[in-house]
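1. sequence first, then the predicted structure:
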Amino acid sequence: MRKERYDGSILRKILVGMVTNDVVVARISTRWGVAGLFDAKWANLVGTWCVDFSKKHSKAPGANIRDLFEHWANHTSSEEETVKAVEEFLVALSDTATEEETHHILDLASNYFNKVRMKTEIDQASIELERGFLEDAQNRLANLHKVELGVGSFVSPGIDYEVWQQAFEQETRRSLVTYPGAVGEFFSDSFVREEFYSFMGPDKTGKTTFLLDFAYRALRNRNKVVFFDSGDSSQDDVMVRLASRVTGCPEFEMECTLPTGWKEGRPETEVRVLPPVNPSEGFKRLVRASRFPGAFRLSCHPNSSLSVSGIGSILADWERDGWRPDVVVIDYADILAPSGNSHDPLEQIDETWKQMRRLSQSRHCLVMTATQSNAAAYGKEKAFLGRQHFSGRKTKLAHVNGMIGINVSEEERREHTARLNWVVRRKMRNRNRSNHVQVVGCFDIENPIIQSTW
């Protein structure tokens, strides 16, 4: 029964995309045949209306789909079951989520249509085998072609204008995580879908705090977020730290030094006695920050037991239940279980980082993690992390869209300040700005970036 519900949900998601999304219907129309691609008569009927409308008007039908239905209903002799199925779909259309990301819908459509096509051809081949037409059955299966729409498919930019629309679609170019002030400018044009970033810093420079803060900011931007802890902390530890970040209160009542601004390059602060974090308030604040209940998920695992392929399996299982994250935060890359079959530690590191990059692409999400710098990075007072400070295999720098250095001297550690710099970044449009930004926060409340300045 669950399988049937899942398939029905996927069918409707694809059909909603054809009704509402210009790029989705245009891409599918290039593969659409007279018989359609769905395995339900009513769905092929609605799909044909969408394809015909797109070819004529170069856009999805949207609200016009109801006019197309009315015109068809007044002239059809179709069986009542088909009419009823179309009516039920259109009635539910306004209540159906239409914010699915284009790449994801196309991936779903590609998998779904291939399953339908394969089942149809196998059924036909079975009939031919029963009739003794062995060669016909072999030729049918040998000539079976995939319906390619999503990741791994080809496009023809000189023929299909819809691929240009898809490339410039604003939703896919929107930053999923934003910051205020100077640090917001520093990170401008970063953190969009299908990108992979990492913080890098010496031990005990607050990498987990930066990652928790990143996850919370992603949640406040109305995204679905999952935070994977791969063995650095227990679930209870993460929950307490998350509660501190959400409420702005420390674990215990204490005097906290809070930054209020900058003066001559040094942070101005005030000291306040803050009450201990309250779990009830943490729960309320998290719910208030979320787009909907359950938008944030936390998944904690013992050290070295979680691999990137394991994360992919967890996400695939959640997707079958209809939950797909926009942002995946992994704390942290260095203690993930090895990936691949190699026994060479450096090759294992390389494969792990390759798979994290692949995760961002295949799941159409933003992936953020952290990694530890090498021993040469310690004791570098007021210096900046560079390519020479990576630990493990240097090719990890080639797999990320950006590596963000967390630079902290002993004095800065005491003041809860840090200098963030781009160790490497593939895309940097605003090159006139400095390559680093100074931030100050309060680690007692798990907030590493309260004020920032160039």
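-> Done, it's in.
2. how does the chain divide into domains?
-> Using automatic domain parsing, the domain ranges for the chain come out as 2-170, 179-453.
3. next, the buried residues of the longest helix seen in the chain.
-> Once the chain is assigned using DSSP state H, the helix that runs over the most residues is helix 102-130. By neighbour count with 16 or more other CB atoms under 10 Å, helix 102-130 contains the buried residues 102-110, 112-114, 116-117, 121, 125, 128. Placement of C-beta: from N, CA and C, glycine included.
4. what packs against it?
-> Contacting helix 102-130 under the criterion 3 or more CB pairs under 8 Å, 6 or more residues apart in numbering; DSSP states H and E are the following elements: helix 2-20, helix 22-29, helix 134-142, helix 170-173.
5. and V400, what is it in contact with?
-> Residues counted as contacts of V400 (CB atoms under 8 Å, 6 or more residues apart in numbering) are 196-198, 353, 357, 424, 426.
6. next step: these restricted to helices.
-> By the criterion of DSSP H, membership of the contacts of V400 in helices covers 353, 357.
7. check the contacts of V400 against R291 and report the nearest one.
-> For the contacts of V400, the closest approach to R291 (CB to CB) belongs to Y197, at 22.0 Å.
8. the closest one contacts V177, correct?
-> No - applying CB atoms under 8 Å, one finds Y197 not in contact with V177, separated by 9.4 Å.
9. quick one: which of those two has more around it?
-> The neighbour comparison of Y197 against V177 (other CB atoms under 10 Å) goes to V177, with 25 against 21.
10. save the contacts of V400 as a markdown table, and put in distance to A383 too.
-> Formatted as a markdown table, the contacts of V400 follow (distance: CB to CB, whole Å):
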| residue | distance to A383 |
| --- | --- |
| F196 | 26 |
| Y197 | 22 |
| S198 | 20 |
| W353 | 25 |
| R357 | 28 |
| V424 | 17 |
| R426 | 24 |
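11. narrow the contacts of V400 to those that are buried.
-> For the contacts of V400, a burial check counting by 16+ other CB under 10 Å picks out 196-198, 353, 357, 424.
12. what does the host helix or strand of R272 rub up against?
-> Assigning secondary structure by DSSP states H and E places R272 in strand 266-274. Counting by CB under 8 Å, 6+ apart, strand 266-274 makes contact with 248-250, 253-262, 415, 417, 440, 444-445, 451, all of which sit outside it.
13. immediately after that strand, which helix or strand?
-> Downstream of strand 266-274, the next assigned helix or strand under DSSP H and E is helix 279-289.
14. how much distance is there from the following helix or strand past that following helix to the middle of the chain?
-> With elements assigned by DSSP H and E, the helix or strand that comes after helix 279-289 is strand 296-300. Its chain's C-alpha centre and that of strand 296-300 lie 14 Å apart, by CA atoms, centre = their mean, to the nearest Å.
15. what's strand 296-300 packed up against?
-> In this structure, strand 296-300 packs against strand 225-229, helix 235-247, with contacts taken as 3+ CB pairs under 8 Å, 6+ apart.
16. one more time with 6 Å, if that's ok
-> The criterion is 3 or more CB pairs under 6 Å, 6 or more residues apart in numbering; DSSP states H and E, and the helices and strands that strand 296-300 contacts are strand 225-229.
17. ok, the strand it packs on: who's next to it in the sheet?
-> strand 296-300 (parallel), strand 327-331 (parallel) (DSSP bridges).
18. that one vs helix 235-247, what angle?
-> Computed by axes from the mean of the first three to the mean of the last three CA atoms, to 10 degrees, the angle separating strand 225-229 from helix 235-247 equals 140 degrees.
19. reformat the helices and strands packed on helix 102-130 as JSON lines; add mean neighbour count, distance to S305 and mean pLDDT.
-> As requested, the helices and strands packed on helix 102-130 are arranged in JSON lines below (neighbours: other CB atoms under 10 Å; distance: least, CB to CB, whole Å; pLDDT from 0 to 100):
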{"stretch": "helix 2-20", "mean neighbour count": "18", "distance to S305": "28", "mean pLDDT": "72"}
{"stretch": "helix 22-29", "mean neighbour count": "24", "distance to S305": "38", "mean pLDDT": "87"}
{"stretch": "helix 134-142", "mean neighbour count": "13", "distance to S305": "42", "mean pLDDT": "80"}
{"stretch": "helix 170-173", "mean neighbour count": "12", "distance to S305": "33", "mean pLDDT": "62"}
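20. need those helices in JSON lines (columns: distance to I314).
-> What follows is the helices and strands packed on helix 102-130, written out as JSON lines (distance: least, CB to CB, whole Å):
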{"stretch": "helix 2-20", "distance to I314": "17"}
{"stretch": "helix 22-29", "distance to I314": "27"}
{"stretch": "helix 134-142", "distance to I314": "34"}
{"stretch": "helix 170-173", "distance to I314": "24"}
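21. out of the ones you listed, which comes closest to A85?
-> Once CB to CB is applied to the helices and strands packed on helix 102-130, the stretch that comes out nearest is helix 2-20, at 10.9 Å.
22. heading C-terminal from the helix or strand bottoming out on mean pLDDT in the chain, find the next helix or strand.
-> Confidence across the helices and strands of the chain bottoms out at helix 170-173, with a mean of 62, counting by mean pLDDT, DSSP states H and E. Next helix or strand after helix 170-173 toward the C-terminus (DSSP H and E): helix 181-186.
23. flag every buried residue along that following helix.
-> Using 16+ other CB under 10 Å as the test for burial, helix 181-186 gives 182-183, 186.
24. redo the residues you listed as a markdown table? Include distance to F283 and pLDDT.
-> Listed next are these as a markdown table, based on distance: CB to CB, whole Å; pLDDT from 0 to 100:
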| residue | distance to F283 | pLDDT |
| --- | --- | --- |
| A182 | 33 | 94 |
| V183 | 28 | 95 |
| F186 | 33 | 93 |
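25. now M239: how far from D344?
-> Noted for M239: a distance of 37 Å to D344, by CB to CB, to the nearest Å.
26. and what of K284?
-> As for K284, its distance to D344 is 49 Å (criterion: CB to CB).
27. repeat that for S362.
-> 25 Å.
28. of those two, who's got more company?
-> When neighbours are counted by other CB under 10 Å, S362 comes out ahead of the other of S362 and D344, with 17 against 12.
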